[in-house]
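Chemist: Everything below, folded, please.
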Amino acid sequence: MKNVFEFAENCLHNSTVDELLIWTHEAWHYAESGQLNFTSEKPVLPIAEVNFPDRPILLPPKDMPKRKFGSPEGIAAFFHAIAHVEFIAIYLAWDILYRFRDLPETFYQDWLRIADEEAQHFELIRIHLKSLGLSYGDLPAHNGLWDHATDTSDNLLARLAMVPRCMEARGLDVTPAIINKFKNHSDDASVALLTRILNDEVGHVERGSYWFKYVCSLQNEEPEAKYRELIAQYYLGGMPKGPFNREMRIIAGFSNAELDWLENGNI
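Modeler: Next up, the predicted model:
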């Protein structure tokens, strides 16, 4: 029987872009058919040893080139940036299931399914990029999402608060307006692609909310208070910026009290 943590170690440390995609889909196939083992006694390797492809070149966010969204070059650069977000999201899903042990099997199944869906997103965007004259890696990218993984590598609650319930949740806020821009330009292919990603991401954030509350219950923490504490501790710049998509965030497991706090903190 195959082992999920061996898949994870290979994906995080020994994969090319194409191998990452193949192994991610293969692992999910084994999980769906009941042929995947979710226990391991091997030590967890440090997050500093996670290996990324040579391309794209990674720059600090402040050094990223500015491109106008309305130009063909700007739209291509936008989708290259989205491709990078989805690519890193595969790593993030693998890393959370690899790094944090002794949790219910459903925890690992959830994040493996999310890794598989993020891989599907990346593959769809890579095809779309080709139609725009680019390949993934042709432009620089920034690694802000992975910085949050590094910062929270020893704290599962912080990881859940900062990645699915902060950074990924931001996509629920901004993507609907971006979809509307493409609708206004009758770009049906971009609309369909971004709508697919948005619908899946609601579920990913919801799983983050579910497991955040679960771990809080194990640690006798009140979830809303703990979320406020972790955001204050780990979010650089004070508070996440609004506006916030209340409807989608509620579906994704946020409480009205959490959303009131986020909104009031940004008045």
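
Chemist: can we go C-alpha only for contacts and neighbour counts from here?
Modeler: Noted.

Chemist: worst-scoring helix or strand of this protein, pLDDT-wise?
Modeler: Ranked by mean pLDDT, DSSP states H and E, the weakest helix or strand in the chain is strand 58-59, scoring a mean of 83.

Chemist: Who does that one pair with, and is each partner parallel or antiparallel?
Modeler: With DSSP bridges as the test, strand 58-59 is paired with strand 141-142 (parallel).

Chemist: contact partners of the partner strand?
Modeler: Contacts with strand 141-142, where a contact means CA atoms under 8 Å, 6 or more residues apart in numbering, come from 56, 57, 58, 59, 60, 61, 64, 81, 84.

Chemist: Would you list the buried entries among those residues?
Modeler: Buried members of those, scored by 16 or more other CA atoms under 10 Å, are 56, 58, 81, 84.

Chemist: Where strands are concerned, which of those residues count?
Modeler: Applying DSSP state E to these, the entries found in strands are residue 58.

Chemist: Tell me the one of the buried ones among the contacts of strand 141-142 nearest residue 16?
Modeler: Here the nearest of the buried ones among the contacts of strand 141-142 to residue 16, counting by CA to CA, is residue 56; it sits at 12.5 Å.

Chemist: Need the pLDDT of residue 6.
Modeler: At residue 6, the pLDDT value in this model is 95.

Chemist: Wasn't it part of a helix?
Modeler: Yes: when DSSP: H, G, I helix; E, B strand; the rest coil is applied, residue 6 is found to be in a helix.

Chemist: Strands of the stretch 1-150 of the chain, start to end?
Modeler: For the stretch 1-150 of the chain, the strands defined by DSSP state E, counting those that start in this stretch occupy 2-3, 36-37, 58-59, 141-142.
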